[in-house]
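Enquirer: Sequence plus predicted model, see below.
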Amino acid sequence: MSEPVKRITKEITLTIGIFFDGTSNNAVNTKTMLKSFTDSKYNHNAPDYASILEKYARDKLGISGSSASSYTGYYTNIYWLSTLYSQKVSAEDYDVQSGIYIEGIGTQTGKPDNILGQMFGISHTGIIAKTEKAISLLTDAIRYALNTMTKKRSCTTIIVKCLQFDIFGFSRGAAAARHLANRIQLEDPDIISAIRQGVMGIIFNGARSGKIRFIGIFDTVTAIGTPLNGFNLHSADTGDVMLGLRTGVAQQVFHIIAAQEYRFNFALNSVKSAWPELTLPGAHSDIGGGYLPVTIENLFLTRPLTETVPYEQPGEMTRVYRQAMAQLQIMKESPSLALMLRTNNISAETWSDSRLFADKYGQMQKRIYAALTMRQRTISNHWSRVILRVMIDAAQEAGVVFNQIISTDNELQLTDELYPLCDKAIAMGRAVRRGLTPQPWCQHELNLIVAKYVHCSANWNTITLNSNTTFHGGASPIKSISFINRPDEQWIRSVYNMEGKKV
């Protein structure tokens, strides 16, 4: 007669990784769209790929403009982190990770994007709603991880000695990550209930709302619009979103922020002084990801101005042209714009619309426009792959386990010129986390990065061309609505500390 199998008791640490994507970023919608082109003749590295995606969304899905944003963008670093996050359970492991991906603010999987969430970060697709969704998925994530472990160890009695979280977020998703961290630290009843249901039938000796091992955030932009702040996205007022990260909220927090983000509506919510914060070259989505592999930028760098002049008058002889030229001189003296101007050709251009009319003397008149422009600028999204590695290094230092990026991950590979820059960026992150001053970039490195990999997110709209390739319009009397990507004053980004004070 065989002896009965002896049961053993093992204590485990269960870690739940929660990944909050950015505004208008939804990996499932992106994947659905890109799959439609997998076997087609279209190359997603082609510069015109954006227009192809927009046309497909309009013709096949019946959505366009801001409603299609999550279908016409690309994967972010939040998505890549969620796919690389190790969730393997083996018979030898007693520390287990399980992940939850939360689609970005303003998006829902399989649906058109929501304007209230996109514009103001509120409503059923807003920042707080996304933390509610994460909590609603928590019970199943815990059960799945524990059931998987139990099946691997049929003769083992498992005791959960610790349940902890790794929380990642980008943009408003970073604000959601910070809000959720506060809910965990404040022992939110909904979180306690979700954990209790998840560990039901298992001995649980951990903190009742869990604890946080690591918070990794990319360029926090809360930009909440509420009736109380006049729907002003630039306001320090974040409504009910809790952004402060007090001592003890996590074992480690690491924030990577964008050096070339200047938009008025993208004020930064910093964690500096309380937690390590690393500034790296890039605009907002160069840091968090989401740009298509190749982008061609045709942009107005100044607000298009207009005046009525005699039909025969050359554009270069107008008041608005002289104003544009004066702005060019001012921009050349701006420290914020020095790199962009040094590595790109900026021009003062004039154009007129096709409408002609006579003044009271019968003389033919035209409406003429002028602005500074930046044209045919080709930019790669590969810099975000460097930022991804910097965040992974910080998370691994805190104990987070990721699968290795392998050579077949073509969408995550670095070009040869980026390897030394990546090593330097990682070293800079390590220095900041140790309270040291990182080695700065040299001028050659910055010129290379900005010229090839940094998008110009702040602008006075994309240049629109008529069928005959001439400019179309561009001027608008309503700045707040017509120019949502306009730069902040003097192209200097507004920064708020964790107390909501401007720094």
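Expert: Yep, it's here. Numbers count the residues shown, from 1 in each chain.
Enquirer: What's the first helix or strand after the biggest helix by length in the chain?
Expert: Scanning the chain for the helix with the most residues, using DSSP state H, yields helix 127-152. Following the chain from helix 127-152 toward its C-terminal end, the next helix or strand by DSSP states H and E is strand 156-170.
Enquirer: picking up where we left off before, hey, what's the angle from the longest helix of the chain to strand 156-170? Just curious.
Expert: 150 degrees (axes from the mean of the first three to the mean of the last three C-alpha atoms, to 10 degrees).
Enquirer: Can you list the buried residues in helix 127-152?
Expert: By 16 or more other C-beta atoms under 10 Å, the buried positions in helix 127-152 come out as 127-135, 137-139, 141-143, 145-146, 149. The way it works is simple: take the backbone N, C-alpha and C, and place the C-beta from them, glycine included.
Enquirer: check contacts around residue 289.
Expert: Taking C-beta atoms under 8 Å, 6 or more residues apart in numbering as the contact definition, residue 289 lies against 74, 75, 76, 77, 78, 79, 80, 170, 381, 384, 387, 388.
Enquirer: hmm, 7 Å instead?
Expert: Residues in contact with residue 289 (C-beta atoms under 7 Å, 6 or more residues apart in numbering) are 75, 76, 77, 384.
Enquirer: What count of nearby residues applies to the second one?
Expert: Put plainly, it is residue 76. Here the neighbour count serves as a burial measure; for residue 76 (other C-beta atoms under 10 Å) it reads 29.
Enquirer: And the closest residue to it other than its chain neighbours, its phi and psi?
Expert: Leaving out its chain neighbours, the residue that sits closest to residue 76 by C-beta to C-beta, 6 or more residues apart in numbering is residue 289, at 3.8 Å. Taking degrees, to the nearest 10, you get phi 90, psi 170 for the backbone angles of residue 289.
Enquirer: and residue 289, how far is that from residue 173?
Expert: Counting by C-beta to C-beta, to the nearest Å, the separation of residue 289 from residue 173 is 11 Å.
Enquirer: and if you look at residue 46?
Expert: Using C-beta to C-beta, one obtains 28 Å as the distance from residue 46 to residue 173.
Enquirer: before we move on, what about residue 16?
Expert: Plainly put, residue 16 is 16 Å away from residue 173 if you go by C-beta to C-beta.
Enquirer: per the record, what domains does this protein have?
Expert: What automatic domain parsing lists as the domains of the chain is 8-293+381-453, 298-378+459-487.
Enquirer: winner for burial among the ones you listed?
Expert: Compared across these, domain 8-293+381-453 shows the largest average neighbour count, a mean of 19 (mean count of other C-beta atoms under 10 Å).
Enquirer: Pull the distance from that one to the chain's centre.
Expert: Relative to the mean C-alpha coordinate of its chain, domain 8-293+381-453 is positioned 9 Å out (C-alpha atoms, centre = their mean, to the nearest Å).
Enquirer: so what pLDDT did residue 41 get?
Expert: Per-residue confidence for residue 41 comes out at a pLDDT of 64.
Enquirer: circling back: which of the domains of the chain sits closest to residue 501?
Expert: Evaluated over those, closeness to residue 501 peaks at domain 8-293+381-453, with 7.3 Å, by C-beta to C-beta.
Enquirer: Give the residue spans of the stretch 351-500 of the chain that score low on pLDDT.
Expert: Scanning the stretch 351-500 of the chain for pLDDT under 70 picks out 466-470, 472-473.
Enquirer: now the helices for it?
Expert: Remark: helices assigned in the stretch 351-500 of the chain by DSSP state H, counting those that start in this stretch are 383-397, 418-433, 443-453, 479-482.
Enquirer: I'd like those laid out as TSV, including distance to residue 490.
Expert: Conversion of the helices of the stretch 351-500 of the chain to TSV gives the following (distance: least, C-beta to C-beta, whole Å):
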stretch	distance to residue 490
helix 383-397	25
helix 418-433	27
helix 443-453	19
helix 479-482	16
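Enquirer: what's the closest of these to residue 322?
Expert: Checked against C-beta to C-beta, the stretch from these lying closest is helix 479-482, at 21.5 Å.
Enquirer: outside of that closest one, which residues touch it?
Expert: By C-beta under 7 Å, 6+ apart, the residues outside helix 479-482 that reach it are 476, 486.
Enquirer: Next, give phi and psi for residue 101.
Expert: Dihedral angles (degrees, to the nearest 10) for residue 101: phi -100, psi 130.
Enquirer: Quick test: name the residue nearest the centre of the protein.
Expert: For the chain, the residue whose C-alpha lies nearest the mean C-alpha position (C-alpha atoms, centre = their mean) is residue 288; its distance is 3.9 Å.
Enquirer: isn't that residue right up against residue 172?
Expert: No: using C-beta atoms under 7 Å as the test, residue 288 is too far from residue 172 to be in contact (10.4 Å).
Enquirer: Now list whatever residues contact both of those two.
Expert: Between them, residue 288 and residue 172 share the neighbouring residues residue 22, with contact defined by C-beta under 7 Å, 6+ apart.
Enquirer: tell me the angle the longest strand along the chain makes with helix 418-433.
Expert: When the chain is scanned for its longest strand (criterion: DSSP state E), the result is strand 364-380. Put simply, strand 364-380 runs at 90 degrees to helix 418-433, going by the same axes, to 10 degrees.
Enquirer: Strands of the stretch 201-350 of the chain, start to end?
Expert: Assigned by DSSP state E, counting those that start in this stretch, the strands in the stretch 201-350 of the chain fall at 203-204, 211-218, 252-258, 268-269, 277-280, 294-300, 305-310, 346-358.
Enquirer: With distance to residue 406 added, can I get those in JSON lines?
Expert: Conversion of the strands of the stretch 201-350 of the chain to JSON lines gives the following (distance: least, C-beta to C-beta, whole Å):
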{"stretch": "strand 203-204", "distance to residue 406": "36"}
{"stretch": "strand 211-218", "distance to residue 406": "21"}
{"stretch": "strand 252-258", "distance to residue 406": "24"}
{"stretch": "strand 268-269", "distance to residue 406": "34"}
{"stretch": "strand 277-280", "distance to residue 406": "24"}
{"stretch": "strand 294-300", "distance to residue 406": "23"}
{"stretch": "strand 305-310", "distance to residue 406": "52"}
{"stretch": "strand 346-358", "distance to residue 406": "41"}
